[in-house]
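Q: predicted model, plus sequence, below.
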Amino acid sequence: MIGKSEWFQRRKYGGWGISPRTWQGWFYLAIVLIPFFVFQALPYWSLQLRFGVTCGWLLFLIFDAIHIMVTLPRDEREHRVESIAERNAAWVMTFFMIAGILYQLFRSVYFQDIQLDWFLVVALFAGVIVKTITNIVYNKKTL
């Protein structure tokens, strides 16, 4: 893609993703984001064109960011730290998703009106499926 992994570093604090490490990374962000904001600010284009350009631009940014994150060099220690941090974040998110689902279920029973956010349920079961598949695949491999 366009961005180079040498320009960025893994975001260690405050979420996931990448952050610029060199002036080229900051320049890349400016070159990618400024035209997008200028395009959105000018009133010359229709809503459909804005929506199409926004979707295309976001897809480009997402794929380029994923490419940069995958090609970032990491040593063994960084890989382990990131794995532990991801595991801990997943446990906390799972706990709050389960707590949210239970709260919605208890509230639904109390008010006798089913109000359940199915996205939470689907996300939780998708996580279970991914974990199961990962365990099946990696139990057969030597790490």
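A: Cool, the structure landed. Numbering: from 1, shown residues only.

Q: next, Phe8: phi, psi?
A: Main-chain dihedrals, Phe8, degrees, to the nearest 10: phi -130, psi 160.

Q: number of nearby residues for it?
A: Each residue near Phe8 was counted by other C-beta atoms under 10 Å, and the total is 23. (Glycine included, C-beta is placed from N, CA and C.)

Q: could I get the buried residue list for the longest helix along the chain?
A: Assignment by DSSP state H gives helix 76-111 as the longest helix of the chain. Residues of helix 76-111 classed as buried by neighbour count (16 or more other C-beta atoms under 10 Å): Met97, Ile101, Gln104.

Q: run the chain-centre distance for that helix.
A: Centre-to-centre, helix 76-111 and its host chain are 15 Å apart (C-alpha atoms, centre = their mean, to the nearest Å).

Q: let's have the buried residues of helix 76-111 in CSV, adding pLDDT.
A: Formatted as CSV, the buried residues of helix 76-111 follow (pLDDT from 0 to 100):
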residue, pLDDT
Met97, 92
Ile101, 92
Gln104, 93
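
Q: how far away is the spatially most central residue of the chain from Ala90?
A: Nearest to the mean C-alpha position of the chain, by C-alpha atoms, centre = their mean, lies Trp16 at 6.7 Å. Here Trp16 is placed at a distance of 12 Å from Ala90 (C-beta to C-beta, to the nearest Å).

Q: likewise for Val32?
A: Remark: distance between Val32 and Ala90 (C-beta to C-beta) = 30 Å.

Q: separation between Trp85 and Lys131?
A: Rather than Trp, residue 85 is Ala. 17 Å.

Q: ok, which stretches of the chain are strands?
A: Residue ranges of the strands in the chain, as given by DSSP state E, are 8-10, 18-20.

Q: packing partners for the first one?
A: What it means is strand 8-10. If contacts are counted by 3 or more C-beta pairs under 8 Å, 6 or more residues apart in numbering; DSSP states H and E, strand 8-10 sits against strand 18-20.
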